[in-house]
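> got a sequence here, can you model it:
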Amino acid sequence: MVVCVHGIGQQGLGEQSLLASWQPALQDGLTRHTAASRPDGVAVADRASSPDVDMAFYGDLFRPAGSYLAVGDPVLGPGDVQPGLEQELLAAWWVAAAEVDERVAGPDADTLVSVPGWVQRALTQLSNSRFFAGVALRSMVFDLKQVARYLTDPVLRVAARERVVRLIGADTRVVVAHSLGSVVAYEALCSLPRHGVRALVTLGSPLGIANLVFDRLEPSPVAGRGVWPGDDNVVWTNIADAGDVVALVKDLRPRFGERVRNAVVHNGAKAHAVVPYLTDQLTGTAIAEGLA
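Below is the predicted model of the structure:
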């Protein structure tokens, strides 16, 4: 059994609609793995090629309640990005986007010290980037708020984590988690010290971002080191695209120890999208090893 945990911005979807894209992409990754493992490069069916897959869905916890003539995400703008964690996350995304995209003008030394209008400038620059291409400004602000709310709202945090915990049974061998879902999945596994999961695969994960995410984890890091999410049999593979702005820290070993296997992949223009992460051979290999 493979349990998947989605990332930010999925509040308008659900378990089955997410599985409709995740499951075939995951199986494509497994096919790339089996092809790479054969001398002739031809994939063949094996017991890992069509695993049972389930989706731990928590997006509805962020979805505003519908009402007649007003359905969907709230209309948000720069003024809705709150001081503290939301603005700090926005600043981190801006700096990261400027480092990997020549079309993004980075902040100068004074901009990130509460210069009036810097939030608007940051959002404008991010909207010009390849990473956030096609993302509406209000959706970008809503995504910021989702990350911040998960990390600061204890009731929502427990509820989201419970969605993962409920799906991890005696036959669950692999957990695949994307974006914010990697934080939810990590905390869920840490809350289940005797789980039987053998492979944790994190894709585009923000887990290593100091202060903003890492230092807010539950359980709290000890002496700068994050708690290992299970026993010594758990193999953790962390995969990130070099241009993935959400995965600011690509190498999780300094935070969680040398046992984390880190890989950099190439997702093309959609650096943070889950489908190209799932179809990569390295993702397929990590999943297949957990199912073996």
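
> and residue 128, backbone torsions?
Dihedral pair for residue 128: phi -80, psi -10, per degrees, to the nearest 10.

> who's in contact with it?
103-104 (Cβ atoms under 8 Å, 6 or more residues apart in numbering). C-betas here are computed from N, CA, C, even on glycine.

> could you report the separation of it from residue 94?
11 Å (Cβ to Cβ, to the nearest Å).

> find residues that contact each of those two.
Joint contacts of residue 128 and residue 94 (Cβ under 8 Å, 6+ apart) are residue 104.

> what packs against the longest helix seen in the chain?
Secondary structure of the chain per DSSP state H: the longest helix is helix 15-36. When contacts are defined as 3 or more Cβ pairs under 8 Å, 6 or more residues apart in numbering; DSSP states H and E, helix 15-36 packs onto strand 2-5, strand 53-56, helix 274-279, helix 281-291.

> not counting residues beside it along the chain, what's closest to residue 235?
Spatial nearest neighbour of residue 235, excluding adjacent residues (Cβ to Cβ, 6 or more residues apart in numbering): residue 199 at 5.2 Å.

> okay, and the beta partners of the one you found?
residue 174, residue 235 (DSSP bridges).

> which residues touch it?
With Cβ under 8 Å, 6+ apart, residue 199 has these contacts: 173-175, 234-237, 286-287, 289-291.

> can you pick the most crowded of those residues?
residue 175 (33 neighbours; other Cβ atoms under 10 Å).

> ok, now which ones touch residue 280?
29, 32, 239, 265, 267.

> save the residues you listed as JSON lines, and put in distance to residue 148 too.
JSON lines is the format used below for those (distance: Cβ to Cβ, whole Å):
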{"residue": "29", "distance to residue 148": "31"}
{"residue": "32", "distance to residue 148": "36"}
{"residue": "239", "distance to residue 148": "25"}
{"residue": "265", "distance to residue 148": "27"}
{"residue": "267", "distance to residue 148": "25"}
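
> need the worst-confidence member of the residues you listed.
Across the set of these, residue 267 stands lowest in pLDDT, at 90.

> any idea how far that residue is from residue 274?
With Cβ to Cβ as the criterion, residue 267 and residue 274 are 9 Å apart.

> please apply the same query to residue 254.
The value you get for residue 254 to residue 274, if Cβ to Cβ is used, is 25 Å.

> contacting residues around residue 281?
Contacts of residue 281 (Cβ under 8 Å, 6+ apart): 29, 32-33, 36.

> buried subset of these?
29, 32-33 (16 or more other Cβ atoms under 10 Å).

> for residue 30, which non-adjacent residue is closest in space?
residue 284 (4.4 Å).

> I'd say residue 54 and residue 167 touch.
Yes - with contact defined as Cβ atoms under 8 Å, residue 54 and residue 167 form a contacting pair (5.3 Å).

> strands along this protein, start to end?
2-5, 53-56, 174-178, 199-203, 235-241, 261-265 (DSSP state E).

> could the ones you listed be laid out in CSV, adding distance to residue 78?
As requested, those are exported to CSV (distance: least, Cβ to Cβ, whole Å):
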stretch, distance to residue 78
strand 2-5, 30
strand 53-56, 33
strand 174-178, 27
strand 199-203, 29
strand 235-241, 27
strand 261-265, 33
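
> what about residue 186, how many neighbours?
26.

> that one and residue 253, how far apart?
For residue 186, the distance to residue 253 - Cβ to Cβ - is 15 Å.

> now do the contacts for residue 289.
So residue 289 contacts 199, 235 (Cβ under 8 Å, 6+ apart).

> separation between it and residue 233?
In terms of Cβ to Cβ, residue 289 sits 12 Å off from residue 233.

> I figured residue 276 hits residue 282, correct?
No - between residue 276 and residue 282 there is no contact under Cβ under 8 Å: 11.7 Å.
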